[in-house]
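[1] I would like to see how this sequence folds:
(chains A, B and C)
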Amino acid sequence: MVKTNPGRFFEDYHVGQVIAHAVPRTVSGGERALYHALYPARHALYSSDAFAQSCGLPNAPMDDLIAFHTVFGKTVPDISLNAIANLGYAEGRWHRPVWPGDTLRSESEVIGLKENSNGKSGVVWVRTRGLNQKGDLVLDYVRWVMVRKRDADAPAPETVVPELADSVAPGDLVVPDVLTFTGYDFTLAGEPHRWGDYAVGEIIDHVDGVTVEEAEHMLATRLWQNTAKVHFDATVREDGKRLIYGGHVISLARALSFNGLANAQMIVGLNAGAHANPCFSGDTVKAWTQVLDKAETAAPGVGALRLRLVAVKAGGLPGVLRGEDGRYLPHVLLDLDYWALIPL
Amino acid sequence: MVKTNPGRFFEDYHVGQVIAHAVPRTVSGGERALYHALYPARHALYSSDAFAQSCGLPNAPMDDLIAFHTVFGKTVPDISLNAIANLGYAEGRWHRPVWPGDTLRSESEVIGLKENSNGKSGVVWVRTRGLNQKGDLVLDYVRWVMVRKRDADAPAPETVVPELADSVAPGDLVVPDVLTFTGYDFTLAGEPHRWGDYAVGEIIDHVDGVTVEEAEHMLATRLWQNTAKVHFDATVREDGKRLIYGGHVISLARALSFNGLANAQMIVGLNAGAHANPCFSGDTVKAWTQVLDKAETAAPGVGALRLRLVAVKAGGLPGVLRGEDGRYLPHVLLDLDYWALIPL
Amino acid sequence: MVKTNPGRFFEDYHVGQVIAHAVPRTVSGGERALYHALYPARHALYSSDAFAQSCGLPNAPMDDLIAFHTVFGKTVPDISLNAIANLGYAEGRWHRPVWPGDTLRSESEVIGLKENSNGKSGVVWVRTRGLNQKGDLVLDYVRWVMVRKRDADAPAPETVVPELADSVAPGDLVVPDVLTFTGYDFTLAGEPHRWGDYAVGEIIDHVDGVTVEEAEHMLATRLWQNTAKVHFDATVREDGKRLIYGGHVISLARALSFNGLANAQMIVGLNAGAHANPCFSGDTVKAWTQVLDKAETAAPGVGALRLRLVAVKAGGLPGVLRGEDGRYLPHVLLDLDYWALIPL
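    Model prediction:
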């Protein structure tokens, strides 16, 4: 009997299947410190207990993307070990903060299947849920990936393509019920810009850049217990390169966006996302954001911005995403559409 | 007066001598997070407080190899600063878990001495004990190293070669008295294989590989306060390479062995170990395990496996250790013989 | 409106101005573990709760340089984003330990201004204060930097050059009122040398060296939320090199100085400091110390040493700082003058 995990192939999924992912993980101040060492993260709500308390929270929560990466990492052995491509995200919502000491686990429900016309692979849609030690929902999102078939002759499943919202409706965003920005300290937060200062369509070039090293992305990817070989083993690809986990680029870009969006404190919705081109060690990552939409929330002083966060390799122009053929330009690494909470 | 530590030479040891090693160390969730960033560690008992509680423990202990590295690191300035080679390990036992907040210190007793026939060096055997802040024994093991003489003309000591067990007898393994695997959740742990599924002689290829970077092994080695120059200073060796701490390879291999041995949760015995060839930055480390023996324990639902864990550079074949001349093949990095606890 | 921070220019400062720096930061065992992974730090007071308790403290404080880097990092966006050079430090004092769980913030008062004769830049002197969550002073120091003017035609301010002490007077050093070294354990601390064993003028070569990697200095510099582009973005400098944050070299040298100064436990004064030459990835950093002065303190068993800590690239000779022209030799990286507490 082979004891190691060969991963699931396309024909191993069926609609309605719920997969409980392995290896729950307790997070602490250690994970937070590493997050702040790996990314230039400076949003005050996640950096300072005192600042978080001034916003009504008991303490600083773990960064929202720590929750995302931890939940996502657990799905890799079951969902994307044999994936050819990570195609998209939708309907992501953060339901409650993660605190130091919380234990996270993940489960995914298969909500769609579509075999490719070549008969060799297919697309699998899953809704992944992250749960804490009490069983409370922390995060959920839909993700779809292209997965190899084990046997090209296996019959195609009935095609089920889920209907997914283009974006999370503002009314569906979950704002922690104790959160308030009425006593918000803009000086300590680092910038004076509030919700009213951002206009739909506005583009912000975040200016700073980070040249990425192998040791950094591997430390990060291991921290989230993401085991995909291609990130760690230089003998896997013919070019001898290690592919950087797409989530590493998400966190880099989000952290870089502090410069211009220091008050976009809390990520509450993930509308869409594409890893447009691969990122490798030695690339210098920069970021720009376009404001896509604005909404108010029921929480005191709390507004929401819908933001397109784009990571590019140095040389890419802010605001320019696609070529004349409609495809992402080669320097575009990430195109992420999310909602963040910001003081009114 | 020279203030820096020149290290001990062969003639500085005598049988019966007890050396209290310096710099006690308090470990926390920070050390654990770093361990999980440095190695692809996923054994659930060490990753999740909730999982550890389901096994009868109050919380997730620190990884057993954090205890080993911390205890070992303290011995380096006294035992191996002038060592030519790290020759072996024997009779290692973990006596109690290390918890976040514990403070570890080490002491070593010299139990054997044998001058080499060249008169320039000799072998020193020590039994090292790791103690927590209460003075309770956490870990002990025998290690022997070849150490330079300061003065080739110094007289040889009486030869004392300790009698060491080939392996720790199953009845001598210490199982935490609260540990139970009767309610063990194989899904959360990541694999269905239990004690009865492993056969003596069986070989498991752990499949995954990690290409090692300088920054990673130096972060790890410093974390354990291991100060041997050769790991950090590229000007020490003529080839300009930094030798990777052998314990880094142990932790890499053990973490890689999750894939196929996810339920071999707790390390309780170290029977033997050889660092067969040096490891350097850029090497891709893979691992395989052979099951050497099996035993039951008195704890509910808890069995023990004696495992040979072999780390190799990419290209090495699982199961193949030595050439026709009986020597380790050049791609073999580590040959480690240990006991782990696994659900019956 | 440009949303990103362009930094302050010379004409944006005026004497008496107080700048509250952004992004308070809560530190934990995570930051400590990273500090010990990034630097070969082994001073027992900061490594072990039990050892700290034997010196009268409730627990091991965070390393004094964690306090320094955290406080310093917050000033970068306001003080040194457009700096041409970091010119000096003076009158630095640590006023109380930082404990895990403390939240640090920083503020700086402009205490001097002097436009350069070229009219394109000027020198700004600030006194920076680090405060904890109770508003208690943790650390203060004077620093001066050369800053570009935005507009060369802007009028020069009145020249104010602050009078700064050559060194902190021993009587002005703040010793934690519970600290005692009367029960100090020299064995656990790692060396037998006490205050009386050090002579003014004595030079200690710390022997060990560390070859620095890009990933390491970037992890460190991000951990302190220091955002200066030149440390992270390889496209900024024409030579494609990333300049290593000077504070990284301070911590490396201080940690290396354990070997010979293991009992110089607590940093309490910063008299002066110069980053003599830039440090880059691949450099092997070594260190030596000269004893400049000695003083007793009112605390039981506690003496103070004034130490010149010099970091050099491999090849530099201990004790040799400057060439015949009076300038720092090219291999000198750091010349730091500080006070540390050591058992009498």
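[2] domains for chain A, by residue range?
    A:1-27+A:62-164, A:170-344 (automatic domain parsing).
[3] Save those domains as JSON lines, and put in distance to A:S54 and mean pLDDT too.
    Just so you know, the C-beta spots here come from the backbone N, C-alpha and C atoms, and that holds for glycine as well. Converted to JSON lines, these look like this (distance: least, C-beta to C-beta, whole Å; pLDDT from 0 to 100):
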{"stretch": "domain A:1-27+A:62-164", "distance to A:S54": "15", "mean pLDDT": "96"}
{"stretch": "domain A:170-344", "distance to A:S54": "6", "mean pLDDT": "96"}
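[4] I'd like the ones you listed laid out as CSV, including mean neighbour count and distance to chain B.
    Below are the domains of chain A laid out as CSV (neighbours: other C-beta atoms under 10 Å in any protein chain shown; distance: least, C-beta to the nearest C-beta, whole Å):
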stretch, mean neighbour count, distance to chain B
domain A:1-27+A:62-164, 19, 3
domain A:170-344, 20, 4
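[5] do you know which of these lies nearest chain C?
    domain A:170-344 (3.4 Å; C-beta to the nearest C-beta).
[6] gap between the two ends of the closest one?
    15 Å (C-alpha to C-alpha, to the nearest Å).
[7] what distance separates stretch A:190-209 from the centre of its chain?
    21 Å (C-alpha atoms, centre = their mean, to the nearest Å).
[8] For the helix or strand harbouring A:M218, which helices and strands make contact with it?
    In this assignment (DSSP states H and E), A:M218 forms part of helix A:214-223. Counting by 3 or more C-beta pairs under 8 Å, 6 or more residues apart in numbering or on different chains; DSSP states H and E, the packing neighbours recorded for helix A:214-223 are helix A:29-38, helix A:64-79, helix A:246-256, helix B:29-38, helix B:214-223, helix C:214-223.
[9] Grab the CA positions of that helix and hand them over as PDB.
    C-alpha atoms of helix A:214-223 as PDB (Å, rounded to 0.1, in the frame of the first residue of the first chain):
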ATOM      1  CA  GLU A 214      13.800  32.300  -2.200                       C
ATOM      2  CA  ALA A 215      14.200  31.900   1.500                       C
ATOM      3  CA  GLU A 216      11.400  34.400   2.200                       C
ATOM      4  CA  HIS A 217       8.700  32.900   0.100                       C
ATOM      5  CA  MET A 218       9.600  29.400   1.300                       C
ATOM      6  CA  LEU A 219       9.400  30.500   4.900                       C
ATOM      7  CA  ALA A 220       6.000  32.000   4.300                       C
ATOM      8  CA  THR A 221       4.600  29.200   2.300                       C
ATOM      9  CA  ARG A 222       5.700  26.600   4.900                       C
ATOM     10  CA  LEU A 223       4.300  28.800   7.700                       C
END
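[10] Let me know the angle separating it from helix A:246-256.
    110 degrees (axes from the mean of the first three to the mean of the last three C-alpha atoms, to 10 degrees).
[11] Quick one: distance of helix A:214-223 to the chain centre.
    With C-alpha atoms, centre = their mean, you get 16 Å for helix A:214-223.
[12] contacting residues around that helix?
    Outside helix A:214-223, the residues that touch it by C-beta atoms under 8 Å, 6 or more residues apart in numbering or on different chains are A:31, A:34, A:38, A:69, A:73, A:228, A:231-232, A:242, A:244-245, A:247-248, A:251, A:281, B:33, B:36-41, B:210-211, B:213-216, B:219, C:213, C:215-216, C:218-219.
[13] okay, the angle between that helix and helix B:29-38?
    110 degrees.
[14] between helix A:214-223 and helix A:64-79, how many degrees?
    80 degrees.
[15] returning to that earlier point: who wins for proximity to B:V302 among the helices and strands packed on helix A:214-223?
    helix B:29-38 (23.0 Å; C-beta to C-beta).
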